[in-house]
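> no FASTA, just this:
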C-alpha cells in the first residue's frame, strides 16, 4: 500500500503537473512539494483540501484515514500537533472541521469527546474533551477580566474590525479608518500589542499578532450567542456517547 509521499508523486504525474505547478496551486514552493514526495515533511492541514482537489482525490484517500477508525485519526492529529504550536493546531482544527455540509446547516454538537459548534458560514468553536472543558471552568478570574476589558473597549474593537491577516497599517492610517484621535489609537494599540493580539513590525506598522485567534475565538462565541448567530445554527444535535 502506497504511503502519502508516494501517492502525491503518483497522482501529480497522472495529472501531468510539475512540482512547481502543483506548488503554485497550493501556494507553496516546488521545494516544499519535493519534500512531500520524499517523505521529509507533510502538507499543512489547511493545504490538504486544495492539494486533494488538484490531485483529484479525497483527504481520506490520501491520508488513508478510515472514518470508522478513531485511532488512525488520532495518530494523524497527534503527528500534526507535534510539528505545530499547540494553539496553532487548535486554530487549524477549528478551520478544518468547520466546512459547510451539503445542506449548509450549522451544527452544535456535544459528546464525551468535547464540544463543536459551527454556523452556516463555517465560523466555529471547538472544546476538545472533558479535561479541556474542566480547565476552561477553572480559568483565573484575572484572565477573564483582562479579556473582558479588551472586548468591551470600543476603540479596541474598532481597530480589530479594520485589521486583516497579512495587512499592516501605521498609527495614522488606523486612526483615520477608525475615526480616533492619535492618542486613543496609540493607547488601544499598546494594549493589543501587550497581549500579542497585535504585533508591530520594523516599518512602524501594526497587524494581527500571534494570539489574535484567541481573541477571535471569544468573539466567535459571542456572535454565536447573538440572535443572528443562533439563527445560523440550523441543525442542533446533542449526543452523549462514551466511546
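Cool, got the structure. Not measured: the values here are computed from a predicted model. Numbering: from 1, shown residues only.
> Please report the distance of the nearest residue to residue 170 once chain neighbours are set aside from residue 166.
Of all residues not flanking residue 170 in the chain, residue 205 sits nearest, at 5.1 Å (C-beta to C-beta, 6 or more residues apart in numbering). (Glycine included, C-beta is placed from N, CA and C.) The gap separating residue 205 from residue 166 is 12 Å, by C-beta to C-beta, to the nearest Å.
> In the protein, mark out all the helices, start to finish.
Under the criterion DSSP state H, the chain carries helices at the ranges 4-14, 19-26, 30-38, 48-54, 59-63, 70-83, 86-96, 129-137, 141-151, 154-162, 171-178, 182-194, 212-225, 227-231.
> okay if I get the ones you listed as TSV plus distance to residue 201, mean pLDDT and mean neighbour count?
TSV is the format used below for these (distance: least, C-beta to C-beta, whole Å; pLDDT from 0 to 100; neighbours: other C-beta atoms under 10 Å):
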stretch	distance to residue 201	mean pLDDT	mean neighbour count
helix 4-14	35	90	16
helix 19-26	26	91	18
helix 30-38	25	90	17
helix 48-54	28	87	17
helix 59-63	35	77	15
helix 70-83	26	62	13
helix 86-96	20	60	16
helix 129-137	33	78	11
helix 141-151	21	88	12
helix 154-162	16	93	16
helix 171-178	13	94	16
helix 182-194	11	90	16
helix 212-225	15	82	16
helix 227-231	33	74	12
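> Take those helices and lay them out in a markdown table including distance to residue 200.
Shown next, in a markdown table, are the helices of the chain (distance: least, C-beta to C-beta, whole Å):
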| stretch | distance to residue 200 |
| --- | --- |
| helix 4-14 | 39 |
| helix 19-26 | 31 |
| helix 30-38 | 29 |
| helix 48-54 | 32 |
| helix 59-63 | 37 |
| helix 70-83 | 28 |
| helix 86-96 | 20 |
| helix 129-137 | 30 |
| helix 141-151 | 17 |
| helix 154-162 | 13 |
| helix 171-178 | 10 |
| helix 182-194 | 6 |
| helix 212-225 | 13 |
| helix 227-231 | 32 |
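> Let me see the contact set for residue 188.
Shown in contact with residue 188 (C-beta atoms under 8 Å, 6 or more residues apart in numbering): 153, 155, 156, 158, 159, 180.
> Show me which of these is closest to residue 15.
The closest of the contacts of residue 188 to residue 15 turns out to be residue 159 (C-beta to C-beta; 44.3 Å).
> I'd say the closest one and residue 178 touch.
Yes. Here residue 159 lies in contact with residue 178, judged by C-beta atoms under 8 Å, at a distance of 5.8 Å.
> quick one: common contacting residues for these two?
By the contact definition C-beta under 8 Å, 6+ apart, residue 159 and residue 178 are jointly contacted by residue 185.
> Spit out the contact partners of residue 201.
Applying C-beta under 8 Å, 6+ apart, we find residue 201 in contact with 168, 207.
> Spatially nearest residue to residue 179, not counting backbone neighbours?
Once chain neighbours are set aside, the closest to residue 179 by C-beta to C-beta, 6+ apart is residue 158, at 7.8 Å.
> Pull up the gap between that neighbour and residue 232, please.
24 Å.
> cool, and residue 133?
Counting by C-beta to C-beta - residue 133 and residue 232 are separated by 23 Å.
> cool, residue 191 as well?
In this structure, residue 191 and residue 232 are 31 Å apart, going by C-beta to C-beta.
> Help me confirm that residue 48 comes into contact with residue 60.
No. With the criterion set as C-beta under 8 Å, residue 48 and residue 60 do not qualify as a contacting pair; they are 10.4 Å apart.
> Kindly state the pLDDT recorded for the residue nearest to residue 208 when sequence neighbours are not counted?
When the adjacent residues along the chain are set aside, residue 208 lies closest to residue 163, with 5.4 Å between them (C-beta to C-beta, 6+ apart). What the model reports for residue 163 is a pLDDT of 89.
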